[in-house]
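Student: compute the structure for the input listed below.
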Amino acid sequence: MTVMIHLIAISAALLTCVMAAFLLLEVVASLWPVRTKSFKRATPGQIAVVIPAHNEEKIIASTLKNVKGQLCDGDRIIVVADNCTDQTANIATDLGAECLIRNDHAHRGKGYALQFAIEALRRQPPDIVMFIDADCLFADGALILTASIAAGEKRPAQALYMMRAPNGAAARQRVAEFAWLFINQVRMRGLQNLFDVTRFTGAGLAVPWEALSAINMASGEIVEDLAMTFEFTSRGNPPLLLVDALITSEFPQHGDAQMKQSARWSIGSLTYAFRSGAAWLSHGLFKGRLQLVGAAIDLMIPPLAIFVLLVLAVAALSVVSWLFGSAIAIMLAGLAAMQLIAAITLGWVCYGRSALPPAELAAVAQFLGSKFLVFGAKGRATAKTWTPTRGGEHDDHAE
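Tutor: This is a model prediction of the structure:
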């Protein structure tokens, strides 16, 4: 029994230590210069912007106006009105978008909506397809910059996608903004510098048609962005990160909506990592594909708040092992904790102080506590479907 406790504790502490070391390496690598200016650029040809939307009548107009302001004559906007029961389709059509009506309650998921648009585009393929959500806004010039580099590099290009806390938001939302920034800007910038690959982070991905037409997105995968990342990377088309092309959205203000959004990402990403991480890592090692290896290791690192809770749990297990006579696990757990603290501190000092001011650091404990709700019955149920979270108005729908 004692030997089993030691083996479990040492194994868990060693794995956590390795993940923390890789995370710290990503943060350090994020400080290196990013070679955005050296990326090849080309005239993108015709661009088609695909916007999956479910009951987005309150926000779709502002997104469409933002996108139209950055497109050229001949470019297209495709809105997929997915299982809508409101005026989303009519608003999109009135604003000049091509609207595809999709009604299929048996197959819910953003991937199904995206594939629906791809199949429609096959009749008249564009040169570049860009995916955004219905609540996203591009910074000036970001859309064309992303599409131009995707065309020049002939591979998917991911704009820097940032979620912001609304004005007057509670301190806990500032922590959420930093956590989002930590993965999408800090970690992805480091991953790009280390392995020349990034993740598709949910919106702002531009893909050459030749690369896109070869894959199938039609699935109920709740973290379709992760699935797409590995599909592209395994086929030799790894996404690259453009830190100079910004696309933004806001966190939902409704507390229940925030929990559902967090549950969908946290549970979905952990499930996908558990199910596919080792397989992608093995595939990358077997094929000698360092980009796939790097992306797979990054996939196995949990979201920031979950990682903190994991280290605390491993530390507690290591204390038990120490009480039974072995100090190995507790030493490894201590090293993992130090590496994690160093990574978070360095990321916050270099990138996160404006998102999370020092005066609001006390909200970190509240934010960590809220993660327990994510794994409750409601959070687990939310993580099974593509659910809307903007403002909490449509909690009964699948987005």
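
Student: mind naming the longest strand for this structure?
Tutor: Across the chain, the longest stretch assigned as strand under DSSP state E is strand 240-250.

Student: what is the burial count for residue 350?
Tutor: 12 (other Cβ atoms under 10 Å). For every residue, glycine as well, the C-beta is placed using N, CA and C.

Student: residue 98 and residue 75: what is the separation?
Tutor: Distance, residue 98 to residue 75, by Cβ to Cβ, to the nearest Å: 11 Å.

Student: helices and strands around the longest strand of the chain, which ones?
Tutor: In terms of contacts (3 or more Cβ pairs under 8 Å, 6 or more residues apart in numbering; DSSP states H and E), strand 240-250 is packed against strand 137-138, helix 142-153, strand 157-164, helix 188-195.

Student: any idea how far the last one is from the chain center?
Tutor: How far helix 188-195 lies from its chain's middle: 15 Å, per Cα atoms, centre = their mean, to the nearest Å.

Student: next SSE downstream of that helix?
Tutor: Sequence-wise, the next helix or strand downstream of helix 188-195 (DSSP states H and E) is strand 205-208.

Student: residues making contact with that next one?
Tutor: Identification of contacts with strand 205-208 by Cβ atoms under 8 Å, 6 or more residues apart in numbering yields 44, 47, 127-131, 146-147, 149-151, 154-159, 228, 232, 237, 239.

Student: what's around the nearest residue to residue 315 once chain neighbours are set aside, how many residues?
Tutor: In space, and not counting its chain neighbours, residue 315 is closest to residue 333: 4.5 Å by Cβ to Cβ, 6 or more residues apart in numbering. Residues within reach of residue 333, counting by other Cβ under 10 Å, total 29.

Student: was I right to think residue 23 contacts residue 187?
Tutor: Yes: between residue 23 and residue 187 there is a contact at 7.3 Å, judged by Cβ atoms under 8 Å.

Student: which residues do the two both contact?
Tutor: residue 301.

Student: re earlier: can you add mean neighbour count and mean pLDDT and give the helices and strands packed on strand 240-250 back as CSV?
Tutor: Listed next are those as CSV, based on neighbours: other Cβ atoms under 10 Å; pLDDT from 0 to 100:
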stretch, mean neighbour count, mean pLDDT
strand 137-138, 20, 97
helix 142-153, 24, 97
strand 157-164, 24, 96
helix 188-195, 23, 96
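
Student: that older thread, I would like the residues contacting the longest strand of the chain, please.
Tutor: Outside strand 240-250, the residues touching it (Cβ under 8 Å, 6+ apart) are 34, 36, 39, 132-133, 135-139, 141-143, 145-146, 149, 153, 155-166, 185, 188-189, 191-192, 196-198, 203-204.

Student: go on, stretch 280-292?
Tutor: Counting by Cβ under 8 Å, 6+ apart, 195-197, 230, 233-234, 238, 293, 295-297, 299-300 sit against stretch 280-292.

Student: ok, 10 Å please
Tutor: 191, 194-198, 229-230, 233-234, 236-240, 272-273, 276, 293-297, 299-300 (Cβ atoms under 10 Å, 6 or more residues apart in numbering).

Student: hang on, the earlier thing: check which helix or strand covers the residue nearest to residue 315.
Tutor: helix 328-347.

Student: circling back: can you list the strands that the longest strand of the chain pairs with?
Tutor: strand 137-138 (antiparallel), strand 157-164 (parallel) (DSSP bridges).

Student: mind listing the strands for this protein?
Tutor: Going by DSSP E, the chain shows strands at 47-53, 76-82, 98-102, 128-131, 137-138, 157-164, 205-208, 240-250.

Student: make JSON lines out of those strands and add distance to residue 13.
Tutor: Converted to JSON lines, these look like this (distance: least, Cβ to Cβ, whole Å):
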{"stretch": "strand 47-53", "distance to residue 13": "42"}
{"stretch": "strand 76-82", "distance to residue 13": "45"}
{"stretch": "strand 98-102", "distance to residue 13": "48"}
{"stretch": "strand 128-131", "distance to residue 13": "40"}
{"stretch": "strand 137-138", "distance to residue 13": "44"}
{"stretch": "strand 157-164", "distance to residue 13": "33"}
{"stretch": "strand 205-208", "distance to residue 13": "37"}
{"stretch": "strand 240-250", "distance to residue 13": "32"}
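
Student: who's in contact with residue 34?
Tutor: 189-190, 192-193, 240-244.

Student: change it to 7 Å
Tutor: In this structure, residue 34 makes contact with 189, 192-193, 243, judged by Cβ atoms under 7 Å, 6 or more residues apart in numbering.
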